[in-house]
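In: 3D model of this:
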Amino acid sequence: MSITTQQIVESLAAVLGFVPVAVCPGYVAAWLTNLYGFRGRSLVERAFWSVPLSFAIAPIGAVLVGRFTSLNVAVACSILCVLGCVILLAREFLQNRRSRHPWNIGFHPRGMTALTIAVLWVVTVLLLLVDIKVGANVYMSLAIFDHSMRVAWTQSVLYSGIPPANPLYMFKHSAPMRYYYFWYVLCATVAHMTSLPARAVMNASCVWAGFLLAALLGLYLKHFLVIGARLRQQFLIAMGLLCVTGLGICVNLVDFLYFHEPLPGYLEAWKEGQISSWLDSLIWVPHHLASMACAMLGLLLAWIIQSETASTRRASLVFISMAFASSLGLSVYVAFAFFLVMIAWSLWQVVFERSWRVPGVLAISGAGAAVLLAPFLWGLTHSVSNVQGPSVFELDVREMVPPAALLTTPFFRSLDIAAPTFARNLAKAILLLPGYAVELGFYSIVLSIQLIAPWRSRGTLTRAQRALVFISVATLILISFVRSGVIDSNDFGWRAALLLQFSLALLASELLCSWSFADRRESASKWIHDLPGKTPSAVRSLASFALVIGILTTVYQMLMIRFTIPFREAQLSTIHDPTAGRLVHKAYISLRGYAALDSVIPHWSVVQYNPWMPDLLWLNVDWLAVKHQSAVDMDQAPCGSEFGGDPAGCVPMAAAIDALYRGATAAQARATCRQIGIEYLVARIYDPAWKQAESWVWTLRPVVAQPEFRALDCR
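Out: Coordinates of the predicted model:
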């Protein structure tokens, strides 16, 4: 079986393997508590409740169970949930058969359309993520930039437990990860339960992140916005809107056609100020999206809690607490943004809408989440690791459009002399509006309509719509003036925007559905009736144009994810660059070599590869395939210690390992391995030591000896 075929089969199996953690826990919990009349609802609606509820329960549940017992016990709990689902469904089937009562499936109408979309989504994810083997080369997806580390972290859970050790750095001994790792515990649970590779499970997790988002949208449409008869039509519209992103392709085309710059492989118009598309988030960072989904599920349950019985309310408080706890463990950035936005929204509810119920539920559930998260938070605050900044977050004006051109104008040149920091921040602030217009595209028009129309008495927003508008505006303000302080990239600004995007997707589906009803002279509510009829035709035309461009930008991003590496290799071959073909060939020999190594050494072994790199993709291949603890992830500071471990060992360890790969004897290699704690060294045809006949590559005992890949025992 070829590498490509094998990865497709394994990823499809992993999609099914996710059912015990992505469906069954939520189904059993909702059935036992009869959450919001769960037992009386159709099977389709039960599935819509089960998926988000499972992702709220399973991460924090698996982490707590695994931390105080073992991953095996977490797997056993997942299997028990499967048995519970089977028993409950079988019991209901037998009852319906005895009473001759038809089973309420709820598939029609539009069920086949939704199922087709689900199948297309699975196919899309696999096409974007699996490797394509051509001869002795393997063309990887651009997403390995992120997936390589995430696969390594999932592997670490499998061989080191919970909390996982940082697999990319080890000074004297392994160190617990200083990172939010709940997603990798969930993936490791699936991998351990199914015996599937961690990479296949990571691919499947992207599929399930899409299912999670779809289910949450459906629940919000029915129970938050209370759509009514047009629910299924509007749900399909919301699904279509996930294919719409900003106007980034316009910026890229201007750079290409006017400034004669190459089309970028990067997926956004501006790296610093990006608002990632739905495709980008689903493929690259599914854990951040899952964090947003857990947080918003908690808000939904708090919103509808009043309509439940007293016993179900108590269960809902537990579920909300678990959802908030899972949210923070999946993404600190998204959860922190949600926390700040909810504080602001709660104050608005109390002061202006005279409503205490939902803020009170959120406060109680937040306290419950803090209790559940105590072990995780203690581990984060007591690990040994330095970070790049003085604090996790810092105040700063978001850079959307690069301000260089504006800073060259006479006014800003004079201001720059007196106050350079203020001048730059003012320029960035002025450019926020056009930057968001480009990054949000169609959604910026939607938000403008929601803000302007009520002020001009063109329709009345419902309480739920006002909440979504408030969340959108509050998130926009937050991400404009707060950024990540730990790392150079503004991960907080990028990922917190998911709260804005989710709210705008719901409002956009309302707007498009209202235009559709208005065009057919129908109405479903006062807001649906009034607003579209008074929306200027020019605005609707502009929105339609932005909608089309947003779809084209998403298509462009798909092509970049899949074909950037092949395109790069083709360019290098055209100019006869001597490095052409090395990356894709290294990927081929590494996948085969590491697979052979993994089959003959214990999973807790320490394995080291050449940490030098011509570019980051060169090392992504190793992180993706090594499946074992390494001493350093690269020979440049901080060597991987930012994810856990004492950074004091970075420089000496990197220098010693670099010296080995430039060429050293077997005795020198053994001395270095004993000093650092390495057990096996990996060498490939591209390493300088490979070309030296007397080096350790040819004199140490090989455990894997392939024509272009060797793994040597250096103990």
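In: Need the CA coordinates for stretch 321-330. PDB is fine.
Out: In PDB, the C-alpha atoms belonging to stretch 321-330 read as follows (Å, rounded to 0.1, in the frame of the first residue of the first chain):
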ATOM      1  CA  SER A 321     -18.600  24.500  34.000                       C
ATOM      2  CA  MET A 322     -17.100  21.600  32.100                       C
ATOM      3  CA  ALA A 323     -17.500  23.500  28.800                       C
ATOM      4  CA  PHE A 324     -15.700  26.500  30.200                       C
ATOM      5  CA  ALA A 325     -13.000  24.300  31.600                       C
ATOM      6  CA  SER A 326     -12.500  22.500  28.300                       C
ATOM      7  CA  SER A 327     -12.400  25.800  26.500                       C
ATOM      8  CA  LEU A 328      -9.500  27.100  28.500                       C
ATOM      9  CA  GLY A 329      -7.600  23.800  28.200                       C
ATOM     10  CA  LEU A 330      -8.100  23.800  24.500                       C
END
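In: Any idea how many residues pack against Phe709?
Out: 22 (other CB atoms under 10 Å). Glycine gets a C-beta too; all of them are placed from N, C-alpha and C.
In: The nearest residue to it once chain neighbours are set aside: which element?
Out: Nearest non-adjacent residue to Phe709, counting by CB to CB, 6 or more residues apart in numbering: Gly593, 3.2 Å away. Following DSSP states H and E, one finds Gly593 within helix 582-598.
In: buried set for that helix?
Out: Neighbour-count burial for helix 582-598 flags 582-594, 596-598 (criterion: 16 or more other CB atoms under 10 Å).
In: Residues in contact with that helix: which ones?
Out: With contact meaning CB atoms under 8 Å, 6 or more residues apart in numbering, helix 582-598 is reached by 3, 131, 133, 136-140, 565-566, 569, 607, 617-618, 621-622, 625-628, 680, 682, 684-686, 703-704, 706, 708-711.
In: Is there a quick ChimeraX command that grabs whichever of the residues you listed are buried?
Out: Here is the ChimeraX command that selects only those of those that count as buried (16+ other CB under 10 Å):
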select :3,131,133,137,138,139,140,565,569,607,617,618,621,622,625,626,627,628,680,682,684,686,703,704,708,709,710,711
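In: What is the nearest of the buried residues of helix 582-598 to Leu506?
Out: Ala587 (40.8 Å; CB to CB).
In: Pull up the gap between the closest one and Cys513, please.
Out: 46 Å (CB to CB, to the nearest Å).
In: go on, Asp131?
Out: 41 Å.
In: One more: Gly218?
Out: Taken as CB to CB, the span from Gly218 to Cys513 is 14 Å.
In: between those two, which one's more packed in?
Out: More neighbours surround Gly218 than the other of Gly218 and Cys513, with 25 against 22 (other CB under 10 Å).
In: doesn't Phe235 make contact with the more buried one?
Out: Yes: using CB atoms under 8 Å, Gly218 is in contact with Phe235, at 5.3 Å.
In: what about the nearest residue to Ala508 once chain neighbours are set aside, neighbour count?
Out: Of all residues not flanking Ala508 in the chain, Val446 sits nearest, at 4.5 Å (CB to CB, 6+ apart). By other CB under 10 Å, 25 other residues sit near Val446.
In: Could you export the strand or helix carrying Val446 as PDB, CA atoms only?
Out: Secondary structure assignment for Val446, by DSSP H and E: helix 442-455. Provided in PDB are the C-alpha atoms of helix 442-455 (Å, rounded to 0.1, in the frame of the first residue of the first chain):
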ATOM      1  CA  PHE A 442     -18.600  40.400   3.400                       C
ATOM      2  CA  TYR A 443     -18.900  40.100   7.200                       C
ATOM      3  CA  SER A 444     -17.800  43.700   7.600                       C
ATOM      4  CA  ILE A 445     -20.900  44.700   5.600                       C
ATOM      5  CA  VAL A 446     -23.100  42.500   7.700                       C
ATOM      6  CA  LEU A 447     -21.800  44.100  10.900                       C
ATOM      7  CA  SER A 448     -22.300  47.600   9.500                       C
ATOM      8  CA  ILE A 449     -25.900  46.800   8.600                       C
ATOM      9  CA  GLN A 450     -26.600  45.400  12.100                       C
ATOM     10  CA  LEU A 451     -25.100  48.500  13.700                       C
ATOM     11  CA  ILE A 452     -26.600  51.200  11.400                       C
ATOM     12  CA  ALA A 453     -30.100  49.800  10.700                       C
ATOM     13  CA  PRO A 454     -31.500  50.000  14.300                       C
ATOM     14  CA  TRP A 455     -30.100  53.500  14.700                       C
END
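In: Would you mind pulling up the elements that that helix packs against?
Out: Applying 3 or more CB pairs under 8 Å, 6 or more residues apart in numbering; DSSP states H and E, we find helix 442-455 packed against helix 432-440, helix 463-481, helix 491-519, helix 537-574.
In: for the record, mean pLDDT for that helix?
Out: Taken as a whole, helix 442-455 carries a mean pLDDT of 86.
In: For the chain, give me the ranges with low pLDDT.
Out: Along the chain, the parts satisfying pLDDT under 70 run over 256, 259-271, 382-390, 453-459, 486-487, 517-534.
In: phi, psi of the residue of it positioned farthest from its centre?
Out: What lies farthest from the middle of the chain is Glu694; by CA atoms, centre = their mean that is 46.4 Å. The phi and psi values for Glu694, taken as degrees, to the nearest 10, are phi -100, psi 0.
In: Arg710 now?
Out: phi -140, psi 140.
In: list the helices and strands the helix or strand where Pro652 lies packs on?
Out: Secondary structure assignment for Pro652, by DSSP H and E: helix 650-662. Helices and strands touching helix 650-662, as assessed by 3+ CB pairs under 8 Å, 6+ apart, comprise helix 666-676.
In: Please enumerate the strands of the stretch 1-150 of the chain.
Out: Along the stretch 1-150 of the chain, the segments classed as strands by DSSP state E, counting those that start in this stretch run 132-134, 137-139.
In: Count the neighbours of the spatially closest residue to Met239 that is not a sequence neighbour for me.
Out: Nearest residue to Met239, sequence neighbours excluded (CB to CB, 6+ apart): Ile117, at 5.7 Å. Residues within reach of Ile117, counting by other CB under 10 Å, total 15.
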